[in-house]
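Colleague: starting from these lines, generate the structure:
(chains A and B)
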Protein chains: 2
Amino acid sequence: MAGAEFWYEFASTYSYPAVLRVGALAEARGVSLVWRPFLLGPIFAAQGWRDSPFNIYPAKGRYMWRDVARTCEAMGVPFRRPEPFPQPSLLAARVALALQGEARAAFSRDVYMAEFGRGLSIADRAMLASLLAACNVDPEATLARAESDANKAALKAECARAAEIGIVGAPSIVTGDGEVFWGNDRLEQGLDWASGRH
Amino acid sequence: MAGAEFWYEFASTYSYPAVLRVGALAEARGVSLVWRPFLLGPIFAAQGWRDSPFNIYPAKGRYMWRDVARTCEAMGVPFRRPEPFPQPSLLAARVALALQGEARAAFSRDVYMAEFGRGLSIADRAMLASLLAACNVDPEATLARAESDANKAALKAECARAAEIGIVGAPSIVTGDGEVFWGNDRLEQGLDWASGRH
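Modeller: Predicted structure coming up:
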């Protein structure tokens, strides 16, 4: 079975519509998907950015907010601008990485829906615990595993790997032969490539 | 008939596949297209950039070159990286603006094909003159009109208008109700919007 990696960052606006679409798109192409949460912070810092480029460059920010709102409207999903933006995503990323397989995917989707659909704070430990419970995993055990030294180191390694692959933004599809496709609007192209349809 | 504006910058890599696609996409949707050449330089300068962001941020540059090469390969069109990049696009933009209607569109497509298909310098006056001749317009008269004070002022006004609209990159589709769709991969969405299909 063909495979691809789906790299996402919980603070990323365009990752929100992407997580809602990517599962069905991969399945339709017979592509097995590995969900890889990471942090864009280190990649942005390497470019000299200490904040989201959408805050640093207000014109790009204005464009992005309108564009994501249009995209969500077309999909029929709610969209709210979280405050503050970007949301602190470290804890959510650690928790997602501490999960495996479908639990990771389900929890990740729920985090985005809480953040961009309901405007909740994803740095809120109790909120994340309630999402975990809804995914039928033990909240306290998962949070403890998420904050273990081993899991913290694993997330750092994921961030280093993202930079090494050449990932410059989220979401990104990475194929087995090392191609990177960046953006919610490139999911189809990346998954087509992964399935050998290019 | 529904209408839309197609804003493009001759130095822009993603505008190359876009100019080759946009005409047929607009026609298929019954959208009348106005081609509006402009310069990104003033918009980038307002963000503190004195060069292409693809040069300022090498990781984004590496991603972009691979991405555009893949896009062109999928379209079956040649792609060469022009040297230097970005190409000085002022003269080509002035000439395009001095033309009207289909002559502007045809000349613009030819400039991109020379630049990104054959690797020619678009700052070369003689090269632009030969493209004008191939479009059946008088090269010397057009170049003289292009470099008139009135046309220079008109291009400056176009750049100011682009910033005012909220254009942050090229290519961009701008609809009658003021929506901006940025990117070669958003042409369909922008033209759908313009045609009332959203």
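
Colleague: for the residue most central in space within chain A, give the beta-bridge partners.
Modeller: Centroid check for chain A by Cα atoms, centre = their mean gives A:Tyr8 as the closest residue, at 2.6 Å. Under the criterion DSSP bridges, A:Tyr8 forms beta bridges with A:Pro37.

Colleague: that one reaches A:Leu40, doesn't it?
Modeller: No. If you go by Cβ atoms under 8 Å, A:Tyr8 and A:Leu40 don't touch, sitting 9.7 Å apart. Just so you know, the C-beta spots here come from the backbone N, C-alpha and C atoms, and that holds for glycine as well.

Colleague: quick check: neighbours shared by those two?
Modeller: Residues within reach of A:Tyr8 and of A:Leu40 at once, by Cβ atoms under 8 Å, 6 or more residues apart in numbering or on different chains, are A:Ala170.

Colleague: what about chain A, any weak spots by pLDDT?
Modeller: For chain A, the stretches with pLDDT under 70 are A:198.

Colleague: near chain B, which residues of it are found?
Modeller: Within reach of chain B by Cβ under 8 Å from any Cβ of the partner chain, chain A has these residues: A:43, A:46-47, A:57, A:59-60, A:62-63, A:66-67, A:70, A:74, A:163, A:166, A:168, A:179-183, A:185-186, A:198.

Colleague: show me which of those residues are buried.
Modeller: A:43, A:57, A:59-60, A:63, A:67, A:70, A:166, A:168, A:179-183, A:185-186 (16 or more other Cβ atoms under 10 Å in any protein chain shown).

Colleague: next up, the contacts around the residue nearest to the centre of chain A.
Modeller: By Cβ under 8 Å, 6+ apart, A:Tyr8 lies in contact with A:15, A:18-19, A:35-38, A:108, A:170-171.

Colleague: out of those residues, which sit inside strands?
Modeller: Within these, membership in strands is found for A:35-37, as judged by DSSP state E.

Colleague: could you dump the residues you listed into JSON lines and include neighbour count?
Modeller: Listed next are these as JSON lines, based on neighbours: other Cβ atoms under 10 Å in any protein chain shown:
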{"residue": "A:Trp35", "neighbour count": "23"}
{"residue": "A:Arg36", "neighbour count": "19"}
{"residue": "A:Pro37", "neighbour count": "27"}
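
Colleague: against A:Val68, how distant is A:Tyr14?
Modeller: Here the criterion is Cβ to Cβ, to the nearest Å. By it, A:Tyr14 lies 6 Å from A:Val68.

Colleague: what do you get for A:Glu27?
Modeller: 24 Å.

Colleague: neighbour count winner among the two?
Modeller: A count of neighbours by other Cβ atoms under 10 Å in any protein chain shown puts A:Val68 above the other of A:Glu27 and A:Val68, at 19 against 12.

Colleague: can you pull out the helices in chain A?
Modeller: A:15-28, A:41-46, A:53-56, A:58-75, A:90-98, A:101-112, A:125-134, A:139-146, A:149-165, A:187-194 (DSSP state H).

Colleague: do I have it right that A:Ser52 meets A:Pro86?
Modeller: Yes. A:Ser52 lies in contact with A:Pro86 (Cβ under 8 Å); the separation is 4.8 Å.
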